[in-house]
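> Based on what follows, work out the 3D shape:
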Amino acid sequence: MKLTPEQTQIVLKKLDIFFNSQCDCCKTREWLLNDKIFEMREFSNFPFPSPIINTVFPVVIATCKKCGDAHFFSAVLLGLLEKTP
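Numbers count the residues shown, from 1 in each chain. The predicted model follows:
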């Protein structure tokens, strides 16, 4: 799901402290914010495709421009999506 310009601004404001910090790996301060919300799924040890519906964790990804170190942030906790039961 692509972030709207409004959602992008929400993320940038909430992650302002993070984006001003150094990369843990290479110590640079240049980050790329991906413009999409991605899904991380619970691992299932069943044959693919699994007949079981897995838990999905929606995330926004920020990546270091120099070394590629990636950080995943909850789209729910950032206020981009509502938590579903």
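
> Name the SS class of the spatially closest residue to residue 1 that is not a sequence neighbour, please.
Residue nearest to residue 1 in three dimensions, not counting chain neighbours: residue 37, with 4.6 Å by CB to CB, 6 or more residues apart in numbering. C-beta: built from backbone N, CA, C; applies to glycine. At residue 37, secondary structure determined by DSSP: H, G, I helix; E, B strand; the rest coil is strand.

> Kindly report the same for residue 13.
Following three-state DSSP, residue 13 is assigned to helix.

> which residue is nearest the middle of this structure?
Geometric centre of the chain, nearest residue: residue 60, 2.1 Å, by CA atoms, centre = their mean.

> For that residue, give me its contacts.
Neighbouring residues of residue 60 by CB atoms under 8 Å, 6 or more residues apart in numbering: 3, 11, 33, 34, 36, 37, 38, 72, 73, 75, 78, 80.

> quick one, phi/psi of it?
Main-chain torsions, residue 60, degrees, to the nearest 10: phi -110, psi 140.
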